[in-house]
Structure formats: C-alpha cells, structure tokens
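Visitor: okay, predicted coordinates and the sequence, questions at the end:
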Amino acid sequence: MERAYQLAPDILRSLIPKDKIGVYILGNIGLNRFYPIYIGRSDICLLTRLLTHNHRDKATHVTWRLTSSIKQAFHQECCLYHTYEEQNFLNGVHPASPKESGLICPVCSCTELDIQSLKERTKEN
C-alpha cells in the first residue's frame with residue numbers, strides 16, 4: 001500500500017470510487033510511521049465500509065488498494081494479516097473467506113502443504 005490518508009469522510013469520498021472492492025489498513029501515524037490497528041476488506045463497496053467502520057474512532061489514517069476481484073481482495077487481506085499478525089491489531093482473528101467461495105488463505109495453505117510434505121518425508125526416513 002502506498003500512502004496513508006487521513007480517515008476523514010470528505011477525503012475518502014474524493015479518493016475512493018463507489019462500488020469498488022478492495023483491502024485496507026486502519027492505523028495511526030506516530031514518529032513519522034504508520035502503525036496498523038485493523039486490517040480488512042470490502043467485497044461490495046470499500047468506500048461505504050470505511051465511512052461506516054466500527055473502528056474509525058480508533059484510527060486517524062487509512063491506506064487501501066482497490067482489487068479487481070473478491071478472490072484478489074481476500075488473498076491480499078490474508079497476506080496483510082500474516083505480514084502484521086505479530087502487532088496485535090484489533091481484529092486479531094484470521095480473515096474469513098468470502099461467503100460460499102471456498103477460497104483458502106494462500107499463506108496458510110502453503111504452510112499446511114509444507115508441514116504435510118515434511119511429515120511425509122520424515123515417515124520415509
């Protein structure tokens with residue numbers, strides 16, 4: 001994500017088109033650094049999600065990325081979650097896959113495959 005913008009309705013309305021999906025990080029600026037406090041996505045309208053977010057009173061800034069598909073939004077949210085999971089942010093639970101999508105986290109699935117592969121190799125030896 002490129003730049004964090006002030007989490008102000010007029011700024012968001014001027015920068016984010018309606019009815020676009022995407023991922024976002026809510027956070028605060030301190031010591032010239034962005035500190036994430038919440039990672040999420042919107043599968044319907046990113047602008048509406050940010051304008052009505054239940055944690056907007058805890059954050060001063062937001063950064064986002066529009067995506068071309070719900071699958072892409074979910075995968076990016078998962079990658080962001082795993083990138084920042086040590087920081088104890090407000091949503092702290094792994095992102096849920098989009099309803100009835102059958103999508104799985106690309107990071108967790110790699111880890112599970114790696115673990116399974118190691119187990120199989122261990123049995124062979």
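Guide: Yes, it's here.

Visitor: strands along the protein, start to end?
Guide: Along the chain, counting by DSSP state E, strands occupy 5-6, 22-30, 33-42, 61-66.

Visitor: make CSV from those and add mean neighbour count to it.
Guide: The way it works is simple: take the backbone N, C-alpha and C, and place the C-beta from them, glycine included. Formatted as CSV, the strands of the chain follow (neighbours: other C-beta atoms under 10 Å):
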stretch, mean neighbour count
strand 5-6, 14
strand 22-30, 20
strand 33-42, 20
strand 61-66, 20
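
Visitor: and these as CSV, adding distance to E100 and mean pLDDT?
Guide: Converted to CSV, these look like this (distance: least, C-beta to C-beta, whole Å; pLDDT from 0 to 100):
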stretch, distance to E100, mean pLDDT
strand 5-6, 33, 96
strand 22-30, 20, 95
strand 33-42, 16, 93
strand 61-66, 23, 97
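
Visitor: ok, how many other residues are close to A8?
Guide: By the other C-beta atoms under 10 Å criterion, the neighbourhood of A8 contains 13 residues.

Visitor: and it, how far from E77?
Guide: According to C-beta to C-beta, to the nearest Å, A8 and E77 sit 23 Å apart.

Visitor: cool, and K58?
Guide: Taking C-beta to C-beta, one finds K58 at 19 Å from E77.

Visitor: tell me which of those two has more neighbours.
Guide: Counted by other C-beta under 10 Å, K58 and E77 do not tie: E77 has more neighbours, with 25 against 14.

Visitor: residues touching the residue nearest the centre of the chain, list them.
Guide: Central residue of the chain (C-alpha atoms, centre = their mean): E77, 3.1 Å from the mean position. For E77, the contacting residues are V23, I39, G40, R41, P95, by C-beta atoms under 8 Å, 6 or more residues apart in numbering.
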